[in-house]
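>>> The amino acid sequence is not available; the structure is as follows:
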Ligand code: CMP
């Protein structure tokens, strides 16, 4: 099924000029970049975006981090794009991600893990609307 998902290139990767590498990796692996923009969000916006994690011990650091510098937000489209994107990203913790995944290639730590991707169809819709509506 052709579907859409939201992808974020996080501050650590934007800072290291990895935007083009990450975009061409998605395209080479069957995901089309329908929309893309570079933004800097506030701590309040980051807190809203990550509110599913609000009870987690890492929530405050996570919101500070996502709002710490420019990010690139994209709508990716393709066959099973939600699971395909998650496969291409690899495990949340880069030290556990398998060879050939984005987080293995570029991730620095569980916080600075370079990319975010929606984890379900329901969240993909919410996350796309958050940045593009
Ligand atoms: P992301 O896929 O953007 O979703 C939430 C983020 O929280 C996750 O990537 C990690 O960067 C960050 N995070 C920090 N600590 C943890 C943890 N212990 N478990 C899961 N995510 C964490």
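Looks like it came in fine. Computed from a prediction, not measured in an experiment: that's the story for all the values here. Numbers count the residues shown, from 1 in each chain.
>>> mind listing the strands for this protein?
With strands called from DSSP state E, the chain shows them at 2-9, 32-39, 71-79, 115-117.
>>> deepest of the ones you listed, which one?
Per-stretch averages of neighbours, counted by mean count of other Cβ atoms under 10 Å, single out strand 115-117 among the strands of the chain, with a mean of 23. Heads up, the C-betas are built off the backbone N, CA and C, glycines and all.
>>> List the strands paired with it, with their directions.
Its sheet considered, strand 115-117 pairs with strand 2-9 (antiparallel) by DSSP bridges.
>>> Need the contact partners of the strand it pairs with.
18-19, 22, 26, 34, 66, 71-82, 85, 114-118, 121, 124, 127-128, 130-131 (Cβ atoms under 8 Å, 6 or more residues apart in numbering).
>>> These: which ones sit near the ligand?
Checked against the ligand using Cβ under 6 Å from any ligand atom, the contacts of strand 2-9 yield the following neighbours: residue 116.
>>> who wins for proximity to residue 52 among the strands of the chain?
Nearest of the strands of the chain to residue 52, taken as Cβ to Cβ: strand 115-117 at 12.1 Å.
>>> Give me the nearest residue to residue 54, chain neighbours excluded.
Counting by Cβ to Cβ, 6 or more residues apart in numbering, residue 54 lies nearest to residue 47, which is 7.6 Å off, once chain neighbours are set aside.
>>> What of residue 108?
Using Cβ to Cβ, 6+ apart, the nearest residue to residue 108 is residue 12, at 5.7 Å.
>>> What does the pLDDT read for that neighbour?
If you check residue 12, the pLDDT there is 98.
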